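Trainee: here is my input; please provide its structure:
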Amino acid sequence: MTAAAMPATQYDVVTAVWGAEFIDLFLDLCIPNQLSPGNLPALPPGSRYRVLTPAADVPFLASHRGLDPVRRLLPVDIVDVDMTDADRATRPGERWNTHKRMIACHRKAAADAGVDGRALIFLAPDFILSEGTMAGLVRMHRAGARAVMTMNLRLSREAFLADPSRLNGKAALAPRELVAVAMRHLHPWTQSLMSDATRTSDNPTAVYWPVRSNGLLDGVLARSFYLHPMLVDPVVRNRLPGGPIDSHYVRDCCPDITDCRVVDDSDELIVFELSPAGRAIGRDISRDGVSPLRLAAAAAGCDRHHVSYWRHSIRLHAGELDERWAAAEAASLRFARRFVRLRPWGAVLVTVFETVKWLRRRHDGYETALRKAGRRYRHTVRRARAEAGSAARDMRKAIRPPVTTKQVARPVRLIWHRTAKAWTLGLKRVRRRTPMVGR
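Mentor: Numbering: from 1, shown residues only. Down below sits the predicted model:
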């Protein structure tokens, strides 16, 4: 075994964070959670805690008292990462490109760890760890794993933080306790990947089979292409992340699949990710359960490591494994066999779905253009009618005589009326004065 491939004995705990929203969550919730006895205190001497952030956030994090408990355990480095190239890829309406910034931070962390031959524990500023997570990672690493992959389900951040009993006053919950809490607060994206969902993602990368008791969710059995590399001890240390670390980084730095350990039972350790409930990931479509065709299309971009992850049925459970889990396992195997038959058609299906997406965009654009044209037509008609009415009024005013017939007739009628009345009164007087004949 070459020196570059020797297993590490020290660890860099790495978190990339920026922006007030994530920094506050990181300091107020994640740091106390990581300080539980089975997490940061379980790391061996010589390990260090590294926070990677843009220059604008370095002074605040370097002076914040929330990191003092970590400093009493491990050396804490606040690492300034140059985001110039990352922010060039910012899309309109965004302050920054989150993925590009994350990649820049992870590249810096991997390069620095390679100098001293350290292993990396990749955290995020919205991770919640079960008690004993880091101790479990160290144990698996010492048993020979060079990469430890975990299924980190997304939870609704708002619902989780609003739950007064989320951690029961503890820094970190035991795995089964944490799973029980998490099942009450699943993110809409997680729910869309359930095998019995009525609306599902148009670009799925995983399928979850729910296990329920009396209508309540006790856990899920999961199969996924993309798992989070919680721990990586690179065999090839000069290979840095060229994209997200759950993409091809593990394949490049740990080429032997047998070096990768998939945590397939939450009793060993479990991690959840807190995401805003309104965060949309992909596009929902109306369908009963995840489409095997779309899953095969998604698999077209996967490497051999990703495919090997799919073969694992991962159990996240709050209670004992019983016949319900056997039924979920049987259902997942039936789905997996169907997927295996479709997988060779993945590249063709990608073309089909991209064409359908293009046609849908064209159709939606056509309908939008028609609606806009209709609004413009109705506006034009209303404006033309208003202008025509105004022209008619102007014409009537132009040809109107200075004195109307009514204005001429009124004094004539008044004179006629007064003359007739005077004549009638005069006739009455004459009659009163003339004696009646034969009187």
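
Trainee: just the strands in the stretch 101-250 of the chain please.
Mentor: Taking DSSP state E, counting those that start in this stretch to define them, one finds strands in the stretch 101-250 of the chain at 119-123, 127-129, 147-150, 154-156, 199-201, 206-213, 216-224, 228-232.

Trainee: now for those, which one comes closest to Arg261?
Mentor: Across the strands of the stretch 101-250 of the chain, Arg261 has its closest neighbour in strand 147-150 (5.0 Å, CB to CB). Any C-beta I mention is one placed from the backbone N, CA and C, and that applies to glycine too.

Trainee: what packs against that closest one?
Mentor: helix 133-142, strand 228-232, strand 260-262 (3 or more CB pairs under 8 Å, 6 or more residues apart in numbering; DSSP states H and E).

Trainee: run me through the strand neighbours of the last one, direction for each.
Mentor: Paired strands of strand 260-262, with direction, are strand 147-150 (parallel) (DSSP bridges).

Trainee: give the rounded mean pLDDT of the partner strand.
Mentor: The average of the pLDDT scores along strand 147-150 is 97.

Trainee: can you give the distance of it from its chain's centre?
Mentor: When distances are taken as CA atoms, centre = their mean, to the nearest Å, strand 147-150 is centred 23 Å away from the chain's centroid.

Trainee: same question, stretch 227-246
Mentor: When distances are taken as CA atoms, centre = their mean, stretch 227-246 is centred 24 Å away from the chain's centroid.

Trainee: likewise for stretch 373-385?
Mentor: That offset, for stretch 373-385, works out to 40 Å (CA atoms, centre = their mean).

Trainee: and stretch 327-335, by the same measure?
Mentor: 28 Å.

Trainee: contact partners of it?
Mentor: The contact list for stretch 327-335, computed with CB atoms under 8 Å, 6 or more residues apart in numbering, reads Ser195, Val207, Trp209, Pro210, Val211, Leu221, Arg223, Pro292, Ser313.

Trainee: swap in 7 Å and give it another go.
Mentor: With contacts defined as CB atoms under 7 Å, 6 or more residues apart in numbering, stretch 327-335 is touched by Ser195, Val207, Trp209, Val211, Leu221, Arg223, Pro292, Ser313.

Trainee: quick one: which of those residues is most hemmed in?
Mentor: Ranked by the number of neighbours (other CB atoms under 10 Å), the contacts of stretch 327-335 place Val207 first, at 26 neighbours.

Trainee: isn't that residue up against Ser195?
Mentor: Yes: if you go by CB atoms under 7 Å, Val207 and Ser195 touch, sitting 5.9 Å apart.

Trainee: out of the strands of the stretch 101-250 of the chain, nearest to Thr53?
Mentor: Thr53 sits nearest to strand 119-123 of all those, at 13.5 Å, using CB to CB.

Trainee: give me the sheet partners of that closest one and which way each runs.
Mentor: Here, using DSSP bridges, strand 119-123 pairs with strand 11-16 (parallel), strand 228-232 (antiparallel).

Trainee: for the record, mean pLDDT for the next helix-or-strand element following the shortest one?
Mentor: Read that as strand 228-232. Going down the chain from strand 228-232, the next helix or strand is helix 250-253, by DSSP states H and E. Averaged across helix 250-253, the pLDDT comes to 95.

Trainee: what's next to helix 250-253, contact-wise?
Mentor: By CB under 7 Å, 6+ apart, the list of residues contacting helix 250-253 reads Ala147, Pro229, Val232, Pro234, Val235, Val236, Arg239, Cys260, Asp303, Arg304, His305.

Trainee: what about 8 Å?
Mentor: Contacts with helix 250-253, where a contact means CB under 8 Å, 6+ apart, come from 110, 147, 149, 229, 232, 234-237, 239, 242, 260, 303-305.

Trainee: CA atoms of that helix as PDB?
Mentor: The C-alpha coordinates for helix 250-253 follow below in PDB (Å, rounded to 0.1, in the frame of the first residue of the first chain):
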ATOM      1  CA  VAL A 250     -16.300   9.300  -4.400                       C
ATOM      2  CA  ARG A 251     -15.800   7.300  -7.600                       C
ATOM      3  CA  ASP A 252     -12.700   9.400  -8.400                       C
ATOM      4  CA  CYS A 253     -11.000   9.400  -5.000                       C
END
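
Trainee: contacting residues around the closest residue to Gly219 other than its chain neighbours?
Mentor: Sequence neighbours aside, His317 is the residue nearest to Gly219 in space, at 3.7 Å (criterion: CB to CB, 6 or more residues apart in numbering). His317 makes contact with Arg176, Val179, Val211, Asp218, Gly219, Asp265, Ser266, Asp267, Trp325 under the criterion CB under 8 Å, 6+ apart.

Trainee: and Ala373, how many neighbours does it have?
Mentor: Ala373 has 10 nearby residues by other CB under 10 Å.

Trainee: now name the helix or strand holding it.
Mentor: Applying DSSP H and E, one finds Ala373 within helix 346-399.

Trainee: check Cys302 too.
Mentor: Going by DSSP H and E, Cys302 is not in any helix or strand.

Trainee: could you do the one 5 residues further on as well?
Mentor: Taking DSSP H and E as the criterion, the element that holds Val307 is helix 304-310.

Trainee: mind checking how far that helix is from the chain centre?
Mentor: 24 Å.

Trainee: and it, what's buried?
Mentor: Residues of helix 304-310 classed as buried: His305, His306, Ser308, Tyr309, Trp310 (neighbour count, 16 or more other CB atoms under 10 Å).

Trainee: same check, this time on stretch 139-158
Mentor: 140-141, 145-157.

Trainee: and which of the contacts of helix 250-253 is nearest Ala124?
Mentor: For the contacts of helix 250-253, the residue nearest Ala124 by CB to CB is Pro229; the value is 11.8 Å.

Trainee: please consider this matter closed, and thank you.
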